[in-house]
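Novice: got a sequence here, can you model it:
(chains A and B)
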Amino acid sequence: MARTITYQQAINEALDQEMGNDPSVILMGEDIVGGSGADGEMDAWGGPLGITKGLYPKYGDRVMDTPITESAFIGAAVGAAASGLRPVAELMFSDFMGVCFDQIYNQAAKFRYMFGGKAETPVVIRTMYGAGIRAAAQHSQSPYSIFTHVPGLKVVVPSNPYDAKGLLIQAIRDNDPVICFEHKSLYQTEGEVPEELYTLPFGEANVVREGGDVTIIALGLMVHRSLEAAETLAADGIECEVIDPRTTSPLDDETILESVESTGRVVIVDEASPRCSMATDISALIARDAFGSLEAPIQMVTPPHTPVPFAGSLEDLYVPDATKIETAVRQVAGYSR
Amino acid sequence: MRDPEIHRLTMPKWGLTMTAGMVVKWLVDEGGEVAAGDELVEVETEKIASAVEAATAGVLHRRVADEGDTVPVGGLLGVIAGPDIAPEQIDLIVEEFAETFVPGEEAVTTGGPSTQRVQVGDRSIRYLALGEGGPPAVLLHGFGGDLNNWLFNSDALSTGRTVYALDLPGHGESSRDVGDGSIDTLAGAVTGFMDALAISPAHIAGHSLGGAIALQIALSEPARVASLSLIASAGLGPEIDAGFIEGFVAAERRRALRDELQKLFADPALVTRRLVDDVLKFKRIDGVADALRKTATGFVSGGAQSHYLRDRLGEITVPTQIIWGEMDGIIPASHAAGLPDSIETTLLPGAGHMPMMEAASEVNLLLAGFMERAAVTP
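Specialist: Okay, the predicted model is just below:
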């Protein structure tokens, strides 16, 4: 039965239920229990935002606090996966990926290929991304395109509680390394989620809103900003189709192209830096495979090519908002040769 | 003032979650004469598109809602009345409606109760109960469906009787356990449901697989059945599009499932993206695919129906009618031919395997009329 829960609860429930379902699922990460090795209450934290709270009392040693060394515990998770477990590692901020990049990019992603298909690495790395909470340049980035670039990795960017649960369970059951990017501003958003276990296949975009005038492609938090813009634009008679690819690797090319073929006008909204990004990647895909359908140049709404600013007023200007999306849509909708 | 000859055509409520609909296209001009059951206006919701029919005969004097307007449930779409009514009087009706209509309230009150659950043996069964009075009606959906398959019917049938629409085991939000998946087991779950809610006898209407279950109950426990309405029913012959059953169970992605769902309707445009998404959400739940597979083996094997009771129709003692869409691509309408004379048969042109959705007003009239007559016949 479906009921309304938050994105955060949906993730906790996915971990809880799949741990109950499969004894090979383990969790590791910094402070995901909270209290390990110190005096005081175990399960005090459940991660910096409490996402894993309640799992230690239920599953004991299968939920492990790790030292603050990403290279060590992500490496351990990759090794545990290669030897038969299904670890879900929580990497607190995706900005810290640099510390353990070799373990992900040059080890986990390569095992299946380099061991002649004989090794599987069913590891999941959950990580928090995104700007907007005044956390400055080192805790606010959206680096999903870096991992999308690496063959051998699968990359998930859920935008709502239903997708978060279904994609995480799919990620745990998947036999390849999967990185789940969770936007920090989405944890408290609510949506209908079935109580039962379910999976969402990778590479299946969600058409969040149907419309025939302009296609908007957006991920994570940007889906919500795009919907906001679409509502304003609808009042002026511009109907946007909003597509959430849900996974960047694999990417559902077909749904994107199908929509562009019917609208001919495209805006891509991406919270990541504007160069070598999902926005440029999808833009190239459309330019190559749907060139004949395009009736206006493709527009990209992204932050400027700078670190995420610390000053609140600048950070607000940095992240794409509904107004910027609206402007871009009006531009492509009104374009004529 | 509520002149009985004046009919206020309002936005219907199709399904529990509908709060508003968009007027796509008027099918009748202002001043046009209409008969009861005529399609007047095409309406689209988030989930489904259909036509609103005239409840009474008369003249469509006023099209209040314009094409493209979104109108809340219960909101005024148009006014139908006798030919001689003065335009000023129509103006008054429209004004009065605009002054007194409260959209939110109407949407809530016409929504009625939400779904409920009842424990039947080891299973939890979800159901919707509407209306009051007896004998009640029990609506059984088909393979892969759920109680929402009756969204155009349950409300219309609930005048003067309680209507129960339930999710069969393995379907909708009922327990996933389908036992051996046989028609007997499913029929047992339905009679268990009737026992749990003290429903007996009941008018049973079954669609497709639900028809085979209804038929099984009428044969094994006729005392529970006040009348039997079989819609595009399984269990009446060997032919079935087994490829649909396999494809439906196997489809994991939107396009594959859309292609299968379109086979159900004569007009494939009725399969909206939202409809496909809803079915996908159901199919993705752990255990659903197994339950469906098991249920499929309970009535289809080797590309044909394995459980059919056509030869035993003569044994049925309760009033029985059969309704079929002429363009049914899943189970051929020819199964409705050559049946005992005591069975009333109606073929609906232009409808596929889902006549209760595609030809809702006709099916509602047929079901309600049959149930009323069966209730007074000893």
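Novice: who does the helix or strand containing A:Y56 touch, helix- and strand-wise?
Specialist: Secondary structure assigned from DSSP states H and E places A:Y56 in helix A:55-59. If you count contacts as 3 or more C-beta pairs under 8 Å, 6 or more residues apart in numbering or on different chains; DSSP states H and E, helix A:55-59 packs onto helix A:7-21. Bear in mind the C-beta positions are built from the backbone N, C-alpha and C, glycine included.
Novice: and the next element down the chain from the helix it packs on?
Specialist: Following helix A:7-21 in sequence, per DSSP H and E, is strand A:25-29.
Novice: and chain B, is that following strand touching that?
Specialist: No. If you take C-beta under 8 Å from any C-beta of the partner chain as the test, strand A:25-29 misses chain B, and the best it gets is 14.5 Å.
Novice: C-alpha coordinates for that strand, PDB please?
Specialist: Extracted in PDB, the C-alpha atoms of strand A:25-29 (Å, rounded to 0.1, in the frame of the first residue of the first chain):
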ATOM      1  CA  VAL A  25      23.600  -6.500   2.200                       C
ATOM      2  CA  ILE A  26      25.800  -4.500   4.600                       C
ATOM      3  CA  LEU A  27      26.100  -0.800   5.300                       C
ATOM      4  CA  MET A  28      29.300   1.200   5.900                       C
ATOM      5  CA  GLY A  29      30.200   4.800   6.300                       C
END
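Novice: run the chain-centre distance for it.
Specialist: 19 Å (C-alpha atoms, centre = their mean, to the nearest Å).
Novice: with stretch B:310-325 instead?
Specialist: Its chain's C-alpha centre and that of stretch B:310-325 lie 19 Å apart, by C-alpha atoms, centre = their mean.
Novice: may I see the buried residues of that stretch?
Specialist: B:313, B:316, B:318-325 (16 or more other C-beta atoms under 10 Å in any protein chain shown).
Novice: could you identify the helix or strand that succeeds the lengthiest strand in chain A?
Specialist: Longest strand in chain A by number of residues (criterion: DSSP state E): strand A:86-93. Next helix or strand after strand A:86-93 toward the C-terminus (DSSP H and E): helix A:101.
Novice: pLDDT below threshold where in chain B?
Specialist: Applying pLDDT under 70 to chain B flags the ranges B:1-4, B:15-17, B:47, B:103-113, B:376-378.
Novice: same check, this time on the stretch 101-250 of chain A
Specialist: In the stretch 101-250 of chain A (pLDDT under 70), no residue qualifies.
Novice: near chain B, which residues of it are found?
Specialist: Residues of the stretch 101-250 of chain A lying close to chain B by C-beta under 8 Å from any C-beta are A:162, A:166, A:194, A:196-201, A:204, A:207, A:210.
Novice: and for whichever residue of the stretch 101-250 of chain B sits closest to chain A, the neighbour number?
Specialist: Using C-beta to the nearest C-beta, B:E173 is the residue of the stretch 101-250 of chain B that sits closest to chain A, at 5.2 Å. B:E173 has 21 neighbouring residues, counting by other C-beta atoms under 10 Å in any protein chain shown.
Novice: and for the one 5 residues further on?
Specialist: Number of residues near B:V178 (other C-beta under 10 Å) recorded here: 24.
Novice: just to check, it is in contact with B:T297?
Specialist: No. Using C-beta atoms under 8 Å, B:V178 is not in contact with B:T297, being 10.1 Å away.
Novice: can you tell me the closest non-neighbouring residue to A:M128?
Specialist: Leaving aside its chain neighbours, A:M128 sits nearest to A:K184 (5.0 Å; criterion: C-beta to C-beta, 6 or more residues apart in numbering or on different chains).
Novice: which residue ranges of the stretch 101-250 of chain A form strands?
Specialist: A:124-129, A:154-156, A:178-183, A:190-194, A:206-209, A:214-218, A:240-244, A:247-249 (DSSP state E, counting those that start in this stretch).
Novice: tell me the most buried of the ones you listed?
Specialist: strand A:214-218 (a mean of 30; mean count of other C-beta atoms under 10 Å in any protein chain shown).
Novice: parallel or antiparallel, list what pairs with it.
Specialist: Strand pairing for strand A:214-218, determined by DSSP bridges: strand A:240-244 (parallel), strand A:266-269 (parallel).
Novice: now the helices for chain A?
Specialist: Here chain A has its helices, by DSSP state H, at A:7-21, A:55-59, A:70-82, A:101, A:111-114, A:144-148, A:161-173, A:221-235, A:253-263, A:278-289, A:312-318, A:322-333.
Novice: enumerate every residue touching B:S200.
Specialist: Residues near B:S200 by C-beta atoms under 8 Å, 6 or more residues apart in numbering or on different chains: B:194, B:223-224.
Novice: go on, A:Y129?
Specialist: With the criterion set at C-beta under 8 Å, 6+ apart, A:Y129 makes contact with A:93-94, A:141-144, A:181-184, A:220.
Novice: residue nearest the middle of the chain, spatially speaking?
Specialist: Picked chain A for this. A:V157 (1.8 Å; C-alpha atoms, centre = their mean).
Novice: try again with chain B
Specialist: Centre-nearest of chain B using C-alpha atoms, centre = their mean is B:W150, 2.7 Å out.
Novice: that one and B:A360 touch, don't they?
Specialist: No. B:W150 is beyond contact range of B:A360, at 9.5 Å (criterion: C-beta under 8 Å).
Novice: how about the residue lying closest to A:G132 once chain neighbours are set aside, phi and psi?
Specialist: For A:G132, ignoring the flanking residues on the chain, the nearest one in space by C-beta to C-beta, 6+ apart is A:S185 at 5.1 Å. Main-chain dihedrals, A:S185, degrees, to the nearest 10: phi -80, psi 0.
Novice: those residues of the stretch 151-300 of chain B touching chain A, which are they?
Specialist: Residues of the stretch 151-300 of chain B lying near chain A (C-beta under 8 Å from any C-beta): B:173, B:252-255, B:273, B:281, B:284-287.
Novice: filter these down to just the ones in helices.
Specialist: Secondary structure from DSSP H places B:254-255, B:273, B:281 of those in helices.
Novice: got a winner among those for most neighbours?
Specialist: For those, neighbours tallied by other C-beta under 10 Å; top is B:R254, 21 neighbours.
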